[in-house]
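*Asks:* Okay, structure incoming, though there's no sequence with it:
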């Protein structure tokens, strides 16, 4: 997302380090050859250790233990999936706002954000030749539907855009193009979901079906947003299961003629006005400037219930404030929880918030936290920002020893909503956690409470609360070099 | 399955053993305090080591490497799921028979077996209150359907039969009972799938929905057979996903009223005449007596494609003969591959075969192999039979060192079809393999080629061929104490 790495690591020095973390290629936050923070500031940050310890132990071992999981399960069990534009999301927003008020949080309110209003309709794909087989599918966000009654077309199956280049428009015209990319990590493989429809449409395809973007499957399709390229005909596009996609590719490569009946009633309606949900723990010294944002997105896909993506991130942002306030902690700067709307369809909540707050943004915002890559067992925090802010934040992360969560990386891996700011030089951080299986469940029916663990959620909210508190309470604001 | 353990382990002796296998509770085939086989027989078995090594190396490293996976994928890609009673299964049987003939196997033929003819129809479950949510489901084998248009009923959700005991018939009447048993291993948990409908029907329930019988889920329901108890009203029964079942239980326990609209068009038709598929490598000395059977079942559930359950077991049984014959190996006794039909709906192929061969069975059969618990990386063989046969078989398993597959256990864990014989004292064996994730995919859309590995299939077929060859070629038949 355009974030640049600004510290030049002195690599020869690192090579001398024999700590296991360094050997494993993980940045070690104890070693920073280029930071030269004033000793007073380092000591000041180190002085927060007892406070961090207290926040952690009271959240992790006290009255709040297990409560974040309970709150998350009540949210997702009550409202289910929360797609942008849906009544369920708006009801969930009302519920969150009511809850924030009941928790005694401050300046609880919503701010409007226009979001796309895409609706999944009846969807069906069936292999009709050489034998009949239902192909479970999920239309991709913003896809158009088929004509009523669907389309019946022969298949072209390829495993890459490169392989597809060999096909002529004459060969592709009217066909259903099935892309079966092997998993090569999300960032690389997702290009097929994002761009498959336009790539195929340029050669006249009738529709595209794409292997779900996941490294592991038990027969579940995964959805996600896709982008129609400007000026290219919009064709229906959906993900099918790994199992079916691989079967289709094998059969196609054996020379079989495969025919699929695809019917999709998905459609794009007029944009919908949704809301970001906001609450504060107002600072003792600074109220509406130098704000520290903690955030996650409340909207989800319409399959599964969005417990992982991003109910967990939204809940720890809300509950971090709840618990800090209940424990009587109030830092110098305001901590503002924002539960974004419309993230899944393209970071719309963040964009609307940025536009509404742009005039005075350099004064208003000190730091942005976002959790949107899982709330499994936390390992630390990753960071985007300038060198001075990084040096300060490295010291803050060192305080997370009671959670065994002192890993530091930069730039951030997660943080899509806050990229509206971090991509322009505002400092921000995201949660590093043991999310190796994240994409197994991502955007599928598997995104449920079954993947959330009460103790890990306790650890995540404790980390979130402690880190936000320290950043919000420091004697100095986080340095930043803001562009644009 | 009634198999009894006949060797009394000298447990105090075992306690002195410090081998890791023994400490982990795995029977160690190097330690057998009660076997007293003649030295000549032990040496004879040990003399097969070069032959085993040759079979293994030629299958694993030679022309056959990767071929078993290719054959399995062609089978399941061509016919897909193969439910008993379906046209697809009968076409697959024809294909297997043709293939066996093309492979030059001997006495290739089918033998009829009457199987239940249960048909899955349209199935739909929707939570309609307190919010709408589609509940993916799979009706259980032999379930009846609902009346046309389905039933709309309130829910009772419990996690155990014990918890259900507290409900009165008045409370249960007309309700949909949702059983949400936590995973406690397949053998224990499957009782809810097998008996849930009858348990609920006795108190007047309208239908049952059951948490899928799996330790891990990504939103996929799992099917399986169920049994209506005699004299109890037959009610529709299906499995829903782990995620949805747990959500329903949580909501029910919070006091919410849940309503489900369940529609199922499943129905039971007249029994269907299917076929076991049979081929032989006829022995040099014994032709139609002392036969060594290698087997797996060709039928599958109608979801997924039955690559794991039990395409792999069926294919290694077929291909073991194919490869032995192609390599010029022909043992003293006949090795007979049987690809059972109708296993999933209740071991019908095995039963028909037993009945047809019962008159002369003690003479006809020497030993039964069956693989029906996965063809992941093989670890060894487990065994059922009398003490003398066990002692011989332990020596045979020791020959599998080139495959690192020398684990021995008794009695067998797998082997449902051959239990028609092993339960009465015939000796038999099943494949021990690294199947820790077997139930993740079992009876679900996840049962596909994606879980089968070419090298592991090579190892399984090599083990199968080598073990069958040695048992079929020994100077002595396997001892047995047959009852009934």
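*Replies:* Looks like it came in fine. Quick caveat: nothing in here was measured; it's all calculated off a predicted structure.
*Asks:* Around chain B, which positions in the stretch 101-250 of chain A sit nearby?
*Replies:* By the rule C-beta under 8 Å from any C-beta of the partner chain, the part of the stretch 101-250 of chain A lying against chain B is A:130-131, A:133, A:136, A:216-220, A:241-243, A:246-247, A:250. In short, each C-beta sits where N, CA and C put it, glycine included.
*Asks:* Domain map for chain A?
*Replies:* A:28-118+A:270-473, A:121-265 (the TED database).
*Asks:* Looking at these, which one is packed in the most?
*Replies:* domain A:28-118+A:270-473 (a mean of 22; mean count of other C-beta atoms under 10 Å in any protein chain shown).
*Asks:* What average pLDDT does that one get?
*Replies:* In this model, domain A:28-118+A:270-473 has an average pLDDT of 96.
*Asks:* And stretch A:191-211, by the same measure?
*Replies:* So the average pLDDT for stretch A:191-211 ends up being 98.
*Asks:* which secondary structure element contains the residue of the stretch 101-250 of chain A found nearest chain B?
*Replies:* Nearest to chain B in the stretch 101-250 of chain A, going by C-beta to the nearest C-beta, is residue A:219, at a distance of 2.5 Å. Assessed by DSSP states H and E, residue A:219 sits outside every helix and strand.
*Asks:* mind listing the helices for the stretch 151-300 of chain A?
*Replies:* Applying DSSP state H, counting those that start in this stretch to the stretch 151-300 of chain A gives helices spanning A:161-165, A:169-172, A:186-201, A:242-253.
*Asks:* looking at these, which is closest to residue A:428?
*Replies:* helix A:186-201 (18.9 Å; C-beta to C-beta).
*Asks:* Would you confirm that residue A:440 belongs to a helix?
*Replies:* Yes - checked against DSSP: H, G, I helix; E, B strand; the rest coil, residue A:440 lies within a helix.
*Asks:* Surely it touches residue A:214?
*Replies:* Yes - Residue A:440 lies in contact with residue A:214 (C-beta atoms under 8 Å); the separation is 6.1 Å.
*Asks:* circling back: name the nearest of the residues of the stretch 101-250 of chain A next to chain B relative to residue B:94.
*Replies:* Once C-beta to C-beta is applied, the member of these that ends up nearest residue B:94 is residue A:131, at 14.0 Å.
*Asks:* looking at this, that closest one is in a strand?
*Replies:* No - assigned with three-state DSSP, residue A:131 falls outside any strand and is coil.
*Asks:* show me the contacts for it.
*Replies:* B:78-80, B:88 (C-beta atoms under 8 Å, 6 or more residues apart in numbering or on different chains).
*Asks:* so which of the residues you listed also contact chain A?
*Replies:* B:78-80, B:88.
*Asks:* Residue B:124: which of the residues of the stretch 101-250 of chain A next to chain B is nearest?
*Replies:* Nearest member of those to residue B:124, counting by C-beta to C-beta, is residue A:136, at 14.3 Å.
*Asks:* Surely that closest one is in contact with residue A:240?
*Replies:* Yes - using C-beta under 8 Å, residue A:136 is in contact with residue A:240, at 6.9 Å.
*Asks:* Mind listing the shared neighbours of the two?
*Replies:* In contact with both residue A:136 and residue A:240: A:125, A:221, using C-beta under 8 Å, 6+ apart.
*Asks:* Thought residue A:136 was touching the residue of the stretch 101-250 of chain A closest to chain B, still the case?
*Replies:* Yes - at 7.0 Å, residue A:219 and residue A:136 qualify as touching, with contact defined as C-beta under 8 Å.
*Asks:* pLDDT value on the residue nearest to residue A:207 when sequence neighbours are not counted, please?
*Replies:* Spatial nearest neighbour of residue A:207, chain neighbours left out: residue A:236 (4.4 Å); criterion: C-beta to C-beta, 6 or more residues apart in numbering or on different chains. Residue A:236 carries a pLDDT value of 98.
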